[in-house]
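J.: Pasting the sequence and the predicted model now:
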There are 2 protein chains.
Amino acid sequence: MSNPTRVIQYGLGPIGSAIARHVTERDGLVLVGAVDVDPAKSGRDVGEVIGLGRELGFPVTATLAETLARTDADAALHATSSYFDRFKPQILELLDAGLDVVSTAEELSFPWLAHPDEAREIDAAAKRAGKTVLGTGVNPGFLMDSLPLFLTAICQRVEHIEVRRAQNASLRRGPFQAKIGAGLTVDEFQARMAAGRMGHVGLPESMGMIFHTLGRTLARYESAVEPVVAERRVVTEFFDVPPGRVIGLKQTARGFAPEGEFVVLTFLAALDAEENCDTIRIRGVPDLEVTLRGTNGDAATVAIAVNAIKRVREAEPGLATMPDLPLITYG
Amino acid sequence: MSNPTRVIQYGLGPIGSAIARHVTERDGLVLVGAVDVDPAKSGRDVGEVIGLGRELGFPVTATLAETLARTDADAALHATSSYFDRFKPQILELLDAGLDVVSTAEELSFPWLAHPDEAREIDAAAKRAGKTVLGTGVNPGFLMDSLPLFLTAICQRVEHIEVRRAQNASLRRGPFQAKIGAGLTVDEFQARMAAGRMGHVGLPESMGMIFHTLGRTLARYESAVEPVVAERRVVTEFFDVPPGRVIGLKQTARGFAPEGEFVVLTFLAALDAEENCDTIRIRGVPDLEVTLRGTNGDAATVAIAVNAIKRVREAEPGLATMPDLPLITYG
């Protein structure tokens, strides 16, 4: 058996903590450090901060340098911000420290279209360091992009791709329910949307990955977000929403090739939604319809980030995207 | 735009001819030759033999050498036999001729468990030639192995995998209906099964790919085939089956890890079957259920063989399997 991969967790929010806990459960991986700038976390034992139920014997540090002064490592799992302006210096710092990186940052999953300059900068830093960086997650990273792409392997022709992800948010955590606007008035919802950075992040990245991988030109990109409004009172463990207020959102992105619409991605999340599955429809030869149940929740993002480590460790240096790597699987 | 890949089709049965026709439709590929030992085919124009509706200006040859005396080529698409004893010399000949190879031979899709010596021999020949060989198809190659494996990417734990492929054979070609035993008595069906080489080929290969990729030990492998018997008269374009005779088959393979059953693969094909979809169930964290419609028929195998060429051309020399390669997609 080869030596276990020594992993640092960078970012200890809910997802980062769940990733760190999962690393401690997995054969072949060992959690050797954790970094978080939050002064309420740094200095405390990592096991305590991530809710492991036991101490790990080393503290969360506010900087990467402090953790690396104590231990060496092979790879970092990065889960802080969705947005390039926030996470870029962190990714560069991890690469400069000689670590392979798997990140759940949505904008990193396929940055070549929406953020080409930053993508080139990270790619160059990774090659300089001889390391690999991958952005992934259940979405973006899998459900709306690499999985539909893999399904096109059995297509002789692809005319149109539709992916619809529908989540009954009543089954999710309180912060998720808040994130989709639960309890807001329609005016409040629209104001928050106008201010940006609400709703699902990653549709442009999924769109870019599909168009690029299939060799199509993205001639036009349209997106829209609308509130889902309660028709009757809706009560969850975290919210009590009267009729007329918001219970969720529907976000749609459309990608057009020069000949017309080629991809539609719909993200629907609402309290009490009857629909709670993902559907991928490919029109072409043959026509395919694929339905997935059980993909919701944070477990899937935690899993794919941890499962990706092995492939990232083996990959050529540079900024990788999901279609570049051999099949990521459990283990 | 890079030069098109020059492709030889090796084997012009129904699947091989369909692959050759599809190659002529695809950008980036050009069909430059075709080989088939059948004296009723060799010497005739390839376009005529594959049913293209137009001549291509070069003949089917009985040997690879005759085609290579006329033209050079980059890759071969191979579709002759399912079985190693038949196809192995052909694959070695293609590699020795300096061609990358994609084959629909079922036993080649994951030969490392069932045929390790032959797998090593082909791997060595490919490395000597500096070329790559891949066995693939919709099944084995995708539905019962690489696709479920990719779905485990979003799993934190995998306890059990079940794949069920159910086909309404009334919608398929006459030879397919014959292949699954349509019209036979139950005694005839059992006699043919006992003689071997009837039914779906590839379950041991799919099983091997799953166990190997997930790092599990295949402690025991069980398989069984049973006839599906008509309860009432069943009429198709090709068969008229009275009650009590066979309308199809159900084939099941079970793979056991030391701790117990880990994978069940069920292949069901019968005339008038109401079930006509594929279902993948993964028990673990999370539990997943995925249903696919539209994957039946030969179109999918033709597609994945042709779509694989690009990845095989780019790959390291050797015998590759689906999980080794970057994501195969359309194009």
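T.: In hand now; what should we look at? Residues are numbered from 1 along each chain as shown, chains lettered A, B, ... in the order given.
J.: May I ask you to confirm that A:Ser42 belongs to a helix?
T.: No. Under DSSP: H, G, I helix; E, B strand; the rest coil, A:Ser42 sits outside any helix and is assigned coil.
J.: any idea how far A:Ala300 is from the closest residue to it other than its chain neighbours?
T.: Among residues not flanking A:Ser42 along the chain, A:Ala62 sits closest, at 4.1 Å (C-beta to C-beta, 6 or more residues apart in numbering or on different chains). Bear in mind the C-beta positions are built from the backbone N, C-alpha and C, glycine included. Plainly put, A:Ala62 is 30 Å away from A:Ala300 if you go by C-beta to C-beta, to the nearest Å.
J.: More neighbours: those two, which one.
T.: The neighbour comparison of A:Ala62 against A:Ala300 (other C-beta atoms under 10 Å in any protein chain shown) goes to A:Ala300, with 24 against 16.
J.: Torsion angles phi and psi at that one?
T.: A:Ala300 adopts backbone torsions of phi -70, psi -40, taken as degrees, to the nearest 10.
J.: where does the stretch 101-250 of chain A come near chain B, residue by residue?
T.: Proximity of the stretch 101-250 of chain A to chain B (C-beta under 8 Å from any C-beta of the partner chain) is limited to residues A:138, A:142, A:146-147, A:149-158, A:213-215.
J.: Okay, and which of the residues you listed map to helices?
T.: The helices, defined by DSSP state H, take in A:Ser146, A:Leu147, A:Leu149, A:Phe150, A:Leu151, A:Thr213 from those.
J.: ranking the residues you listed by neighbours, who comes first?
T.: With neighbours defined as other C-beta under 10 Å, the most crowded of these is A:Ser146; it has 29 neighbours.
J.: what residues are up against that one?
T.: The neighbourhood of A:Ser146, defined by C-beta atoms under 8 Å, 6 or more residues apart in numbering or on different chains, consists of A:Met209, A:Met322, A:Pro323, B:Leu327.
J.: Of the residues you listed, which pair is most distant in space?
T.: Farthest-apart pair in the contacts of A:Ser146 is A:Met209 and B:Leu327; separation 10.2 Å (C-beta to C-beta).
J.: overlap in contacts of those two?
T.: A:Ser146, A:Leu149, A:Met322, A:Pro323.
J.: farthest-separated two in those residues?
T.: Using C-beta to C-beta, the pair of the shared contacts of A:Met209 and B:Leu327 lying farthest apart is A:Leu149 and A:Met322, separated by 8.1 Å.
J.: quick one: common contacting residues for those two?
T.: Common neighbours of A:Leu149 and A:Met322 (criterion: C-beta under 8 Å, 6+ apart): A:Met209, B:Leu327.
J.: Is A:Phe238 in contact with A:Phe176, as I believe?
T.: No. Here A:Phe238 lies out of contact with A:Phe176, judged by C-beta atoms under 8 Å, at a distance of 9.3 Å.
J.: Common neighbours of those two, please.
T.: Counting by C-beta under 8 Å, 6+ apart, A:Phe238 and A:Phe176 have no common neighbour.
J.: Could I get the contacting residues of the most centrally placed residue in chain A?
T.: The centre of chain A sits closest to A:Gly137, judged by C-alpha atoms, centre = their mean, with a distance of 3.6 Å. A:Gly137 is in contact with A:Thr104, A:Glu106, A:Ser109, A:Gly202, A:Thr301, A:Ile304, A:Ala305, counting by C-beta under 8 Å, 6+ apart.
J.: on that earlier part again, closest to B:Gly181 among the contacts of A:Ser146?
T.: B:Leu327 (36.5 Å).
J.: mind listing what the closest one touches?
T.: Contact analysis of B:Leu327 by C-beta under 8 Å, 6+ apart lists A:Ser146, A:Leu149, A:Phe150, A:Ala153, A:Thr213, A:Met322, A:Pro323, A:Asp324, A:Leu325, A:Leu327.
J.: Could you do A:Thr295 as well?
T.: A:Val138, A:Leu143, A:Arg165, A:Asp278, B:Ile154, B:Pro286, B:Leu288.
J.: Mind telling me what element it is part of?
T.: Assigned by DSSP states H and E, A:Thr295 belongs to neither a helix nor a strand.
J.: how about TSV for the contacts of A:Gly137, with pLDDT, neighbour count and secondary structure added?
T.: Putting these into TSV (pLDDT from 0 to 100; neighbours: other C-beta atoms under 10 Å in any protein chain shown; DSSP: H, G, I helix; E, B strand; the rest coil) gives the following:
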residue	pLDDT	neighbour count	secondary structure
A:Thr104	97	29	coil
A:Glu106	96	26	helix
A:Ser109	98	28	coil
A:Gly202	95	25	coil
A:Thr301	94	21	helix
A:Ile304	98	27	helix
A:Ala305	98	28	helix
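J.: Pick the one among the residues you listed closest to A:Gly255.
T.: Of all the contacts of A:Gly137, A:Gly255 sits closest to A:Gly202, with 13.6 Å by C-beta to C-beta.
J.: Isn't A:His115 up against A:Tyr83?
T.: No. Contact between A:His115 and A:Tyr83 fails when scored by C-beta under 8 Å: they sit 9.8 Å apart.
J.: Can you pull the residues that touch both of these two?
T.: Residues touching both A:His115 and A:Tyr83 by C-beta under 8 Å, 6+ apart: A:Glu107.
J.: Settle it for me: which of these two has more neighbours?
T.: Neighbour count, other C-beta under 10 Å: between A:His115 and A:Tyr83, A:His115 has more, with 21 against 16.
J.: would you list every one of the strands in chain A?
T.: Assigned by DSSP state E, the strands in chain A fall at A:5-10, A:29-35, A:75-78, A:100-103, A:132-135, A:157-168, A:220-229, A:234-235, A:240-241, A:246-257, A:260-270, A:278-285, A:288-293, A:318-320.
J.: wait, which of these is closest to A:Met193?
T.: Of the strands of chain A, nearest to A:Met193 by C-beta to C-beta is strand A:220-229, at 5.5 Å.
J.: What mean pLDDT does the closest one get?
T.: Mean per-residue pLDDT for strand A:220-229: 96.
J.: Would you mind getting the angle between that strand and strand A:260-270?
T.: On the basis of axes from the mean of the first three to the mean of the last three C-alpha atoms, to 10 degrees, strand A:220-229 is oriented at 20 degrees to strand A:260-270.
J.: Strand A:220-229: partners in the sheet, and parallel or antiparallel?
T.: Strand pairing for strand A:220-229, determined by DSSP bridges: strand A:246-257 (antiparallel).
J.: among the contacts of A:Ser146, who's most crowded?
T.: Result: A:Met322 is most packed of these (other C-beta under 10 Å), 29 neighbours.
J.: Please name the spatially closest residue to it (chain neighbours excluded).
T.: Among residues not flanking A:Met322 along the chain, A:Ser146 sits closest, at 3.9 Å (C-beta to C-beta, 6+ apart).
J.: For B:Ala308, see how far away A:Thr295 is.
T.: Distance from A:Thr295 to B:Ala308, by C-beta to C-beta: 27 Å.
J.: what do you get for A:Thr136?
T.: In terms of C-beta to C-beta, A:Thr136 sits 23 Å off from B:Ala308.
J.: So for those two, which residue has more residues nearby?
T.: A:Thr136 (31 against 27).
J.: hang on, the more buried one packs against A:Ser109?
T.: Yes. Using C-beta under 8 Å, A:Thr136 is in contact with A:Ser109, at 6.1 Å.
J.: shared neighbours of those two, anything?
T.: With C-beta under 8 Å, 6+ apart as the test, A:Thr136 and A:Ser109 both reach A:Met322.
J.: okay, the lowest-mean-pLDDT helix or strand in chain A in PDB with CA atoms only?
T.: Least confident helix or strand of chain A, by mean pLDDT, DSSP states H and E, is helix A:174-179 with a mean of 87. Taking C-alpha atoms only, helix A:174-179 is exported to PDB below (Å, rounded to 0.1, in the frame of the first residue of the first chain):
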ATOM      1  CA  GLY A 174     -31.700  26.400   7.200                       C
ATOM      2  CA  PRO A 175     -28.900  28.400   5.600                       C
ATOM      3  CA  PHE A 176     -29.700  26.900   2.200                       C
ATOM      4  CA  GLN A 177     -33.400  27.800   2.700                       C
ATOM      5  CA  ALA A 178     -32.300  31.400   3.500                       C
ATOM      6  CA  LYS A 179     -30.000  31.400   0.500                       C
END
